[in-house]
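**Q** give me a model of this one.
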Amino acid sequence: MPLIFGFILLFIIYCTYKLFATGFLFKAILFVAGWFGLYIAIEAYCDWGSNIAITISDKQFSWAGVIPTLVCALVLLNVKVND
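**A** Numbering: from 1, shown residues only. Next up is the predicted model:
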């Protein structure tokens with residue numbers, strides 16, 4: 001059992017290192033934190049933040065959810081990728 005746990009731990013450390021070395025770890029953290037930060041800021045400080053922006057098949061999305069999603073998607077499209 002300790003041997004399997006050691007291999008799993010080594011795999012997790014290796015994956016974390018690869019994500020760190022390629023810079024994807026920082027991009028993922030900034031993407032998630034940026035989305036939630038924008039969502040909370042728009043919801044708290046804008047009067048129109050909780051208004052409905054889009055309705056798709058009985059599912060309603062507020063401006064506070066649409067704007068951060070679009071911003072984060074556009075940021076991911078503009079991130080430089082080393083081939």
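**Q** all helices for this structure, in order.
**A** 2-22, 24-45, 63-78 (DSSP state H).
**Q** would you mind giving those as TSV with mean pLDDT added?
**A** Converted to TSV, the helices of the chain look like this (pLDDT from 0 to 100):
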stretch	mean pLDDT
helix 2-22	91
helix 24-45	89
helix 63-78	88
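**Q** residues near T69, how many?
**A** 14 (other Cβ atoms under 10 Å). All C-beta spots, glycine's among them, are computed from the backbone N, C-alpha and C.
**Q** could you do the one 3 residues further on as well?
**A** Residue crowding around C72 was assessed by other Cβ under 10 Å; the count is 16.
**Q** give me the pLDDT for K80.
**A** K80 is assigned 66 on the pLDDT scale.
**Q** likewise for I52?
**A** 90.
**Q** which strand residues bridge it?
**A** S62 (DSSP bridges).
**Q** now for it, how many residues are close by?
**A** 10.
**Q** what residues are up against it?
**A** Q60, F61, S62 (Cβ atoms under 8 Å, 6 or more residues apart in numbering).
**Q** can you list these in TSV and add pLDDT?
**A** Formatted as TSV, those follow (pLDDT from 0 to 100):
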residue	pLDDT
Q60	93
F61	92
S62	92
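**Q** and of those, the nearest to I13?
**A** F61 (38.7 Å; Cβ to Cβ).
**Q** before we move on, back to that, got the helices of the chain as CSV, with distance to I52 columns?
**A** Converted to CSV, those look like this (distance: least, Cβ to Cβ, whole Å):
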stretch, distance to I52
helix 2-22, 37
helix 24-45, 13
helix 63-78, 8
